[in-house]
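# Build the 3D model from these lines:
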Amino acid sequence: MMQVMRRVALGFAALISLTVLAQAQDYPNRPVKIVVPYPAGGSNDVLARILAQRLSEDTKQQFIVENRGGANGNVGAAAVATGDADGYTLLLTAPGPLTINQSLYSKLSFDPSKDFAPVALVASVPLVLMVHPDVKAASVKELIALAQAQPGKMNFGSSGIGSTNHLAGELLKRMSNVDIVHVAYKGAAPAMNDLVGGHIPMMFDNMPAALPQVNGNKVRALAVAGEKRAAAMPNVPTVAESGLPGFETSAWFGLVAPAKTPPAVLAKLTDAVSTALKSPDVVKRYQELGAEPGTVSGAAYGAFLQNETRKWAEVIKASGAKAE
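Below you'll find the model as predicted:
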């Protein structure tokens, strides 16, 4: 009897394996939903729609973007984490839900490290450190010296607690040992308006938003925050070049699937995304937005997420920032 039951169990396991393999070979055979956990019109949304269009053309199946904003990306991320793990519901998001929010919120309804399978880094966008033209600093070193001379009196703006430009400012504080005060706005646009208006002296912001203000001489770019200079601002040094070795951060956008998605489906999806990100039209459209297509996927992207999580956990702990 035991042998019969064992054979039956092995038969069921083989049948399930064959079914999963067949589903993977046929993937995708119906529309795929890409959840963007932020409102329509922002960088996350635009980059997702460009990728979705290319994937739709390449696979002959529709990839549809659905915006599900709320709670710094947590609402949309939770919906994907608890959704069907079949490759037909994905999350394309900025860092928050994957690497930052678990250190900001006392409790999340999902575990980013356990509930998602990494697919690919989709794009990265350089951050630019800018000051109002009236600020008497022409370099990062001079800005740090200015802040050190008046501790607690200078401030920096951001698009909100836990945003990439907020944490870039906190990283600057930590690595340069300066006391500057964070001012959180409800979005990057009002923060930029106050920088241009001289109501705040400095802030980090994404390249697409920074470029027109810098080119219009409304603000002054001191440095870019990435590991290398930005093609759009080749004469502007990196923060690391400017006296803070090891300083590196950027806004990025990544694609993940529910954790139990079959490996064969993930492999097909990863290949499709990697191919799409190398297509000349996607590269061109991303670069026009000041973004660079991602080049890491699968396990390498998973390692990237782990490193980002550790880095920002330290910064958030040191800053004392909380969001509820």
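
# mind listing the strands for the stretch 201-324 of the chain?
202-206, 220-224, 250-258, 292-293 (DSSP state E, counting those that start in this stretch).

# Just the CA coordinates for stretch 136-153, please, in PDB.
Coordinates of the C-alpha atoms in stretch 136-153 are reproduced here as PDB (Å, rounded to 0.1, in the frame of the first residue of the first chain):
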ATOM      1  CA  LYS A 136      27.700  81.300  -1.300                       C
ATOM      2  CA  ALA A 137      29.000  77.900  -2.300                       C
ATOM      3  CA  ALA A 138      30.300  76.900  -5.700                       C
ATOM      4  CA  SER A 139      31.300  73.300  -4.700                       C
ATOM      5  CA  VAL A 140      30.200  70.500  -2.300                       C
ATOM      6  CA  LYS A 141      33.200  71.300  -0.100                       C
ATOM      7  CA  GLU A 142      32.200  74.900   0.200                       C
ATOM      8  CA  LEU A 143      28.600  74.000   0.900                       C
ATOM      9  CA  ILE A 144      29.600  71.600   3.700                       C
ATOM     10  CA  ALA A 145      31.900  74.400   5.200                       C
ATOM     11  CA  LEU A 146      29.000  76.800   5.000                       C
ATOM     12  CA  ALA A 147      26.600  74.400   6.800                       C
ATOM     13  CA  GLN A 148      29.300  73.600   9.400                       C
ATOM     14  CA  ALA A 149      29.600  77.300  10.200                       C
ATOM     15  CA  GLN A 150      25.900  77.600  11.000                       C
ATOM     16  CA  PRO A 151      24.700  74.300  12.400                       C
ATOM     17  CA  GLY A 152      21.000  73.800  12.400                       C
ATOM     18  CA  LYS A 153      20.300  76.900  10.300                       C
END
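
# now what about that stretch, what contacts it?
Contacts with stretch 136-153, where a contact means CB atoms under 8 Å, 6 or more residues apart in numbering, come from 129, 131, 135, 154, 176-181, 202, 220, 222-223, 237, 239, 242-244. No exception for glycine: its C-beta is placed from N, CA and C like everyone else's.

# can you pull the buried residues of it?
For stretch 136-153, the neighbour count (16 or more other CB atoms under 10 Å) marks A137, V140, E142, L143, I144, L146, A147 as buried.

# hey, which strand is longest across the chain?
Ranked by residue count, the top strand of the chain under DSSP state E comes out as strand 116-131.

# which of the strands of the stretch 201-324 of the chain sits most buried?
Between the strands of the stretch 201-324 of the chain, the one whose residues have the most neighbours on average, counting mean count of other CB atoms under 10 Å, is strand 202-206 (a mean of 27).

# could you check the angle strand 250-258 makes with that strand?
Following axes from the mean of the first three to the mean of the last three CA atoms, to 10 degrees, one obtains 50 degrees for the angle between strand 202-206 and strand 250-258.

# what residue ranges in the stretch 201-324 of the chain score low on pLDDT?
Counting by pLDDT under 70, the stretch 201-324 of the chain has low-confidence residues at 324.
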